[in-house]
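**Student:** model this:
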Amino acid sequence: MAHWQRQQQERRGNYFFSGQFLATRGVATELTADEILHIYSDIKAFVNEQRGVDYLQVYLDENGRKLFLIDQLSKDMIESGEYAPHDNHATLLWAHEY
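**Tutor:** Numbering: from 1, shown residues only. Reported below is the predicted structural model:
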């Protein structure tokens, strides 16, 4: 199992990764369920600690493989009422899938 480390975010934000958590097929086939759960748990703890983060979070493993975790809606966007509940999701994908 790879060890995934969240990288320092480039800017602050008001994203909470509060919607559905999705992973691309590439991520789901190459990572274990434990690795995906670790990343999910890490981002939730980080969001709580920071009270909101940037929409883009980057994770690297010890082999230099890179994952992006992208949240679709900020807190302000959710509270606006202009988006449907299914629009609120975060996607875990390989950097090369972006």
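**Student:** Show me which residues of the helix or strand harbouring I39 are buried.
**Tutor:** In this structure, I39 sits in helix 33-50 according to DSSP states H and E. Across helix 33-50, burial judged by 16 or more other CB atoms under 10 Å covers E35, I36, H38, I39, Y40, D42, I43, V47. For glycine as for every other residue, the C-beta is placed from the backbone atoms N, C-alpha and C.
**Student:** contact partners of that helix?
**Tutor:** 1-2, 4, 6, 12, 15-17, 21, 23, 27-28, 53, 57, 59, 67, 69, 90, 92 (CB atoms under 8 Å, 6 or more residues apart in numbering).
**Student:** In PyMOL, select just the buried ones from these.
**Tutor:** A single PyMOL command suffices to select whichever of the contacts of helix 33-50 are buried according to 16+ other CB under 10 Å:
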select buried, resi 2+4+6+15+16+17+21+23+27+53+57+59+67+69+90+92
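**Student:** Let's see which of the contacts of helix 33-50 end up in strands.
**Tutor:** R6, F21, A23, Q57, Y59, L67, L69, A90, L92 (DSSP state E).
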